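Student: I'll drop the sequence and a predicted model, then ask my questions.
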Amino acid sequence: MDISFIITLVIIAVFFFYVVGIYNQLVSLRNRYQNAFAQIEVQLKRRYDLIPNLVETAKAYIKHERETLESVIAARNAAASGLAAAAADPGNAAAIRELAGQEGALAGALGRLNVVMEAYPDLKANQNMMQLTEELTATENKVAFARQAFNDQVMSYNTYRQSFPPVAVAGMFGHGADASLLEFEDSAEIQEAPQVSF
C-alpha cells in the first residue's frame, strides 16, 4: 500500500467524522430548543385552561360587560390555535410570529378585563376570583421563565448554525434557516422608570 493513499484515507475519515459531529451537534441543539418550546406549551395550555374559569367567575358580577368577556374568550381561542401551529414546528418563524401576535392580543384583552374588574369591588374580593388571578399570575411567571429558556436555546442553535464551519454544511442537513425567538409584545416594549417628584 502506498503511504499517500493511507494518508488520504485518514484525511477523508477525519473529515467525515468531523461533518458527522457537526450534524449531531445541530440535531442536539434543535432538539433542545424544541424541548424548551414544549415547556412553553405546557404553561400556555395551563393559562388557557384558567381563562374560561376566570371569565365564568366574572360573568356573575359584570353581566353588562359581555363584550369584554367575549373578547377575552375569542383572544384565548385564537392564541390556543396559534400555539398548536407553533408547537407543530417550533422552528417555523411565521408560526412563532403568529403566536407572539396572538399572545399580545390575549394580553390586551386580559388587560381590558382587569380594568373592568377594578370597577367591581365585590368581584375583586371574591375568593374564587382572587385564587384564579393568583394562579394566572403564577402561570404568567412560568411562561416568562419558559420563554427565556426557549430563547436561550434558540440563540445557542442559531449561533452554532451560523458559525464556521457548521454554516458550510448546515443547509445540506436541513438546518438552512435560523430558528425564531419568541417575543411577546409586552417584552418588546421599553418600559420607563416612573418619575417621582416631591
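Tutor: Sure, I can see it.

Student: Need the nearest residue in space to residue 153, chain neighbours excluded.
Tutor: residue 33 (3.8 Å; C-beta to C-beta, 6 or more residues apart in numbering). Using the backbone N, CA and C atoms, a C-beta is placed for each residue, glycine as well.

Student: quick one, what contacts the one you found?
Tutor: 90-91, 150, 153-154, 156-157, 179 (C-beta atoms under 8 Å, 6 or more residues apart in numbering).

Student: Let's see that with 6 Å instead.
Tutor: 153-154, 157, 179 (C-beta atoms under 6 Å, 6 or more residues apart in numbering).

Student: Can you tell me which of the residues you listed is closest to residue 84?
Tutor: residue 179 (18.3 Å; C-beta to C-beta).

Student: isn't the closest one right up against residue 155?
Tutor: No - with contact defined as C-beta atoms under 6 Å, residue 179 does not count as touching residue 155 (8.9 Å).

Student: how deep is residue 133 tucked in, by neighbour count?
Tutor: 17 (other C-beta atoms under 10 Å).

Student: Tell me which helix or strand comes right after the host helix or strand of residue 37.
Tutor: Secondary structure from DSSP states H and E places residue 37 in helix 3-59. Downstream of helix 3-59, the first helix or strand assigned by DSSP H and E is helix 66-88.

Student: ok, and what's touching that following helix?
Tutor: With C-beta under 6 Å, 6+ apart, helix 66-88 has contacts from 41, 44, 48, 51, 55, 95-96, 98-99, 102-103, 105-106, 109, 112-113, 116.

Student: Keep only those of those residues that are in helices.
Tutor: 41, 44, 48, 51, 55, 95-96, 98-99, 102-103, 105-106, 109, 112-113, 116 (DSSP state H).
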